[in-house]
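> quick one, structure for this:
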Amino acid sequence: MTPGARVAAAIAVLDQIQDGAAAEQALTGWARNSRFAGSKDRAAVRDHVFDVLRAKRSLGDGTGRSLMQRLAVREGWDLDALFSGEGHAPEPLSLAERAASETPLDLSDAARCDLPDWLWPLWNAGLGDQAVTAALVQQGRAEVFLRVNGRKGTAAQAVQALADEGVGTVVHPKIAGCLRVTENPRRVKTTRAYLTGAVELQDAASQEAVQNTPVPEGARILDYCAGGGGKALAFADMYQAQVFAHDVAPQRLNDVPVRAARAGVDIVTLETAQLAHQPAFDVIFCDAPCSGSGTWRRTPDAKWRLTEDRLAALMQTQAEVLDSASQLVADGGILVYATCSVLPQENGKAVAEFCARSPAWGVLQQSQRFPDANGDGFFSCILMRKDNNLEL
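Prediction:
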């Protein structure tokens, strides 16, 4: 595909998304109907679509054609070359389109920060002096991070092994065993280091939360909202412990046994009905369902699909997760509540309301990081029963 043809494909996908299709659904449908498109073409179209979705309000929030025009202007691309009408490229720009795409927009604060109008007051009030920075940073692409499996080698060995296959990485400045990919991130999954479990894809913030969780030797650890099992894998790698993975939707755990075998660790998957028959757990890590507002660089369409009702429903789910998981913690054990959100309503407020409902519990420590070059936005809070810790 020519660059112009890729832009035309992105326009078609964006128009489907504007009509209500989910981004992944629209991209998958286009790929299935475009067998001629190679892997580089599919990656380029995907990049165009996601670059627009990260910043579609500050790009004008118009049709796919209008959005791609403004993206081209923002990136300094040759408009005449891309909108040539030749082959499968979009038709040339009219004089009115050219003038419109090159005229600066008069943007509200919410539009400049690429947030829905209803969310901006909550975002601004909740994040304070971080509000604008945390929003604007998500107009760009997220970095790709890897977790080095300490059972299979050192960070230095992983860096060299990846470099031998053309994937450049550097060691994270603060998180042990974490690598930032600097070259060829899409090649990671084909490398021997990945296929043999020497490295796993995992954001730096998530790795840091696992490392900051105190785990006694031989502990029983439950990854309560495990999803694909990334944190369960990290716990199994980092600690001498029994690790269990649970998710309310058990099909999400289907890949966990394969990933665990690749990593050389043991993880037991549990369905919800089995939890009541298990001995209590020393550590329960709840990465609760949330808005994902700290990860919108990776899933930008989630930002536009979030509504006030959806946020309220998520907050109810978070309360239910805390209430249910807390019943499974052993005496002297800890409960970790985490989200990949930066909204206080899902984080500090959720914890405060839980402690009000369950006064036996108190906070040991909590942290909130915002998205930046070193990782996603992430909240983590360690809770313990007050009668188990005199400092609470």
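> identify each buried residue in the host helix or strand of residue 100, please.
Residue 100 belongs to helix 95-102 when assigned by DSSP states H and E. Neighbour counts over helix 95-102 (16 or more other C-beta atoms under 10 Å) mark 97, 98, 100, 101 as buried. For every residue, glycine as well, the C-beta is placed using N, CA and C.
> can I get these in JSON lines with pLDDT?
Formatted as JSON lines, those follow (pLDDT from 0 to 100):
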{"residue": "97", "pLDDT": "91"}
{"residue": "98", "pLDDT": "89"}
{"residue": "100", "pLDDT": "88"}
{"residue": "101", "pLDDT": "83"}
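> the residues you listed: which two are farthest apart?
Largest separation among the buried residues of helix 95-102 by C-beta to C-beta: 98 and 100, giving 7.4 Å.
> may I have whichever helix or strand comes after the helix holding residue 100 exported as CSV, CA atoms only?
Next helix or strand after helix 95-102 toward the C-terminus (DSSP H and E): helix 109-112. What follows is helix 109-112, C-alpha atoms only, in CSV (Å, rounded to 0.1, in the frame of the first residue of the first chain):
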residue,chain,number,x,y,z
ASP,A,109,-9.7,23.5,27.9
ALA,A,110,-11.4,20.1,27.6
ALA,A,111,-10.9,20.0,23.9
ARG,A,112,-7.3,21.1,24.1
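> so what's the residue lying closest to residue 229 once chain neighbours are set aside scoring on pLDDT?
The shortest distance from residue 229 to any residue other than its chain neighbours is 3.9 Å, reached at residue 256 (C-beta to C-beta, 6 or more residues apart in numbering). With respect to pLDDT, residue 256 has a value of 95.
> tell me how far residue 256 lies from residue 203.
18 Å (C-beta to C-beta, to the nearest Å).
> cool, residue 328 as well?
26 Å.
> again, but for residue 64
29 Å.
> ditto for residue 302
15 Å.
> swap in residue 108?
Residue 108 is 31 Å from residue 203, by C-beta to C-beta.
> pull the CA atoms of the helix holding residue 100 into CSV?
Taking Å, rounded to 0.1, in the frame of the first residue of the first chain, the C-alpha atoms of helix 95-102 are listed here in CSV:
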residue,chain,number,x,y,z
LEU,A,95,-9.5,24.9,-1.3
ALA,A,96,-12.0,25.1,1.6
GLU,A,97,-10.7,21.8,3.1
ARG,A,98,-7.1,23.0,2.9
ALA,A,99,-8.0,26.4,4.5
ALA,A,100,-10.0,24.6,7.2
SER,A,101,-7.3,22.1,8.1
GLU,A,102,-4.6,24.7,8.3
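> and that helix, how far from the chain's centre?
35 Å (C-alpha atoms, centre = their mean, to the nearest Å).
> what does stretch 4-12 give?
Relative to its chain's centre, stretch 4-12 lies at 26 Å (C-alpha atoms, centre = their mean).
> more crowded one of residue 302 and residue 203?
Set side by side, residue 302 and residue 203 show more neighbours around residue 203, with 26 against 17, by other C-beta atoms under 10 Å.
> please work out how many residues are found near residue 235.
With other C-beta under 10 Å as criterion, residue 235 counts 27.
> that one contacts residue 215, doesn't it?
Yes - between residue 235 and residue 215 a contact is recorded at 7.1 Å, counting by C-beta atoms under 8 Å.
> what sits against residue 325?
222, 224, 284, 286, 335 (C-beta atoms under 8 Å, 6 or more residues apart in numbering).
> give me the pLDDT for it.
97.
> next SSE downstream of the helix or strand it falls within?
Take DSSP H and E as the rule and residue 325 turns out to sit in helix 308-326. For helix 308-326, the succeeding helix or strand toward the C-terminus, using DSSP H and E, is strand 329-339.
> that following strand: partners in the sheet, and parallel or antiparallel?
Take DSSP bridges as the rule and strand 329-339 pairs in its sheet with strand 281-287 (parallel), strand 378-385 (antiparallel).
> closest one to residue 121 among those strands?
Short answer: strand 378-385, nearest of the strands paired with strand 329-339 by C-beta to C-beta, at 20.1 Å.
> which residue ranges of this protein form strands?
Remark: strands assigned in the chain by DSSP state E are 145-148, 168-171, 178-183, 199-201, 220-223, 242-246, 267-270, 281-287, 329-339, 361-369, 378-385.
> burial count for the residue nearest to residue 332 when sequence neighbours are not counted?
Leaving aside its sequence neighbours, residue 332 sits nearest to residue 388 (C-beta to C-beta, 6+ apart; 5.0 Å). By the criterion of other C-beta under 10 Å, residue 388 has 16 neighbours.
> go on, residue 276?
8.
> in stretch 73-87, what's buried?
77, 79, 82, 83, 84.
> out of those, who's nearest residue 375?
Using C-beta to C-beta, residue 77 comes nearest to residue 375 of the buried residues of stretch 73-87, at 29.6 Å.
> ok, that closest one - contacts?
Contacts of residue 77 by C-beta under 8 Å, 6+ apart: none found.
> over to it: give its phi and psi.
Note on residue 77: its backbone torsions stand at phi -80, psi 160 [degrees, to the nearest 10].
> listing request: residues of the protein with sub-threshold pLDDT.
In the predicted model, the chain carries pLDDT under 70 at residues 389-392.
> got the domain ranges for it?
Per the record, the chain has its domains at 3-107, 145-201, 213-388, by automatic domain parsing.
> so which of those domains gets nearest residue 133?
Of all those, domain 213-388 comes closest under C-beta to C-beta, at 7.1 Å.
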